[in-house]
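K.L.:
Fold the following, please.
(chains A and B)
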Amino acid sequence: MKTIFKTQLALLLLLAVGLVSARFAPAGYKVGDTVQDFSLKNVDGKMISLASNSQVKGYIITFTCNTCPVAKLYEERIIALNQKYASKGYPVLAIQPNDQGISPGDSYDLMQKRAKDKKYAFPYLVDETQAIAQTFGATNTPHVFVVKKEGDKFKVAYIGAIDNNSQDASQATKKYVEEAVDELLQGKAVTTPSAKAIGCSIKWKKA
Amino acid sequence: MTITNKPKSFWLTVLFLAWMIPAMSQHVPVIQFDQLNKRIHQNNDTLYVVNFWATWCGPCVTELPLLESVHKKFANQKVKVLLVSLDFKRDLQTKVIPFVQKRKLQSSVYLLNETDYNTWIDKISPEWSGSIPATLFIKTSRNVRKFMEKEVKAGELETIIQSFHL
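P.N.:
Numbering: from 1, shown residues only, chains lettered A, B, ... in the order given. Model prediction:
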């Protein structure tokens, strides 16, 4: 009896360890991966998925929020990216991943207000369960994933920063996202498929 | 001359006070990445606890007291806390220095003036996505290198430092 109990205990422990490591395993997409479609609520109350717009060639998926100072520095640039590329088939899809309990400034109401005040011409989706940010492997804001449509799938073509100067857009010497999308539009491979930047950590729900 | 009337000890006190003033008002050197990298890669006996933060980063500001307590607790050991601010240089006088003074930070504070982040983030750690707070523990002479990209909890820094058996 005792040994059976011990075995059960050992199995339980193993299971627990497995669960814990699964929770903290470095998840997330890499360049070339196929993105699983999702459905998230937009600031207008409608549900949006990648498949919602059948006209696109891809998306500039941007994890961003109302509150992060770095995201704020990039807000105009995100708006400009959509202006430049939506008509060419690469609209912006903004996703707000912060837990609203930890970051009250990122509540759904305030997201609606922000999108209205700044006249966002792109969806601003709330990732309430944070499952999409986790699936993508988004870590900070702003964090961009450029995806390219291939058949009915979307493949990751670029991950990372918008450009190499958060302080001053006019001083940026590398415009990573623009370069990536331009290359995709020309049917070329993306020269710089990832680039890192300092940003605010995503405010994850306390476990 | 009045100068000669004063005892020598008086002038020594004046000199000492004059020397103390800059030491009391915490200053924040602006450094480049190479300087930081050199500083933390010295082949000496010191463990560097390098914390990347910014005045605009809420969780960073929250955990600063924990780094300050490490600075105090290990003052007699070869542990050096470096608080590396990623604020912009333009905010040094208006935000960073007032912040450091108001909080009376005792650890060494630097402002890393390198905004082309992709050129150096991987050199701190390839695991680092770029979010802050982040902390690097490094002691080159003993091959100690541990990187953490998250907000630390109370006691966690001490446990990690002690795990290196300095």
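K.L.:
In the chain, where is pLDDT below threshold?
P.N.:
Picking chain A for this. Residues of chain A that meet the criterion pLDDT under 70 lie in A:1-26.
K.L.:
try again with chain B
P.N.:
Along chain B, the parts satisfying pLDDT under 70 run over B:1-6, B:11, B:14-25.
K.L.:
Could I get the full set of helices for chain A?
P.N.:
Assigned helices in chain A, in chain order: A:2-24, A:69-85, A:108-117, A:131-136, A:176-185 (criterion: DSSP state H).
K.L.:
So which bits of chain A are right by chain B?
P.N.:
For chain A, the residues in contact with chain B under the definition C-beta under 8 Å from any C-beta of the partner chain are A:69, A:139-140, A:143, A:160-161, A:164-167, A:173-174, A:195-202. (Glycine included, C-beta is placed from N, CA and C.)
K.L.:
can you rerun that using 6 Å?
P.N.:
Contacts of chain A with chain B, taken as C-beta under 6 Å from any C-beta of the partner chain, map to A:Pro69, A:Thr139, A:Asn140, A:Asn164, A:Asn165, A:Gln167, A:Ala195, A:Lys196, A:Ala197, A:Ile198, A:Gly199, A:Ser201.
K.L.:
And those, which is closest to B:Glu158?
P.N.:
Closest approach between the residues of chain A next to chain B and B:Glu158, by C-beta to C-beta: A:Ser201, at 22.4 Å.
K.L.:
I'd say that closest one and B:Gly130 touch.
P.N.:
No. Between A:Ser201 and B:Gly130 there is no contact under C-beta atoms under 6 Å: 9.3 Å.
K.L.:
Can you check which residues contact both of the two?
P.N.:
Taking C-beta atoms under 6 Å, 6 or more residues apart in numbering or on different chains as the contact criterion, the residues that touch both A:Ser201 and B:Gly130 are A:Asn140.
K.L.:
What separation do you get for the residue most central in space within chain A and A:Ile132?
P.N.:
Chain A has A:Phe63 as the residue nearest its centroid, 3.7 Å off, counting by C-alpha atoms, centre = their mean. Going from A:Phe63 to A:Ile132 by C-beta to C-beta, to the nearest Å gives 9 Å.
K.L.:
ok, now A:Ser39?
P.N.:
Per C-beta to C-beta, A:Ser39 is found 9 Å from A:Ile132.
K.L.:
Between those two, tell me which one has more neighbours.
P.N.:
With neighbours defined as other C-beta atoms under 10 Å in any protein chain shown, A:Ser39 and A:Ile132 compare such that A:Ile132 has more, 21 against 12.
K.L.:
what's around the nearest residue to the more buried one once chain neighbours are set aside, how many residues?
P.N.:
Nearest in space to A:Ile132, with sequence neighbours left out and distances taken as C-beta to C-beta, 6 or more residues apart in numbering or on different chains, is A:Phe38 at 5.0 Å. Applying other C-beta under 10 Å, we find 18 other residues in the vicinity of A:Phe38.
K.L.:
How much space separates A:Phe38 from A:Cys65?
P.N.:
Using C-beta to C-beta, A:Phe38 is found at 18 Å from A:Cys65.
K.L.:
Return the residues of chain B in contact with chain A.
P.N.:
On the criterion C-beta under 6 Å from any C-beta, chain A has as its neighbours in chain B the residues B:Trp56, B:Leu86, B:Phe88, B:Thr115, B:Asp116, B:Tyr117, B:Asn118, B:Ile121, B:Ser129, B:Gly130, B:Ser131.
K.L.:
want to throw these into CSV with neighbour count?
P.N.:
CSV is the format used below for those (neighbours: other C-beta atoms under 10 Å in any protein chain shown):
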residue, neighbour count
B:Trp56, 20
B:Leu86, 23
B:Phe88, 18
B:Thr115, 18
B:Asp116, 18
B:Tyr117, 22
B:Asn118, 19
B:Ile121, 22
B:Ser129, 23
B:Gly130, 26
B:Ser131, 25
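K.L.:
Which of the residues you listed fall in strands?
P.N.:
Using DSSP state E, B:Ser131 are the members of those that sit in strands.
K.L.:
Give me the buried positions along the host helix or strand of B:Ile160.
P.N.:
In this structure, B:Ile160 is located in helix B:156-163 according to DSSP states H and E. If you call a residue buried by 16 or more other C-beta atoms under 10 Å in any protein chain shown, then helix B:156-163 has these buried ones: B:Glu156, B:Leu157, B:Ile160, B:Ile161.
K.L.:
Stretch A:44-53 too?
P.N.:
Those buried within stretch A:44-53 under the rule 16+ other C-beta under 10 Å are A:Ile48, A:Leu50.
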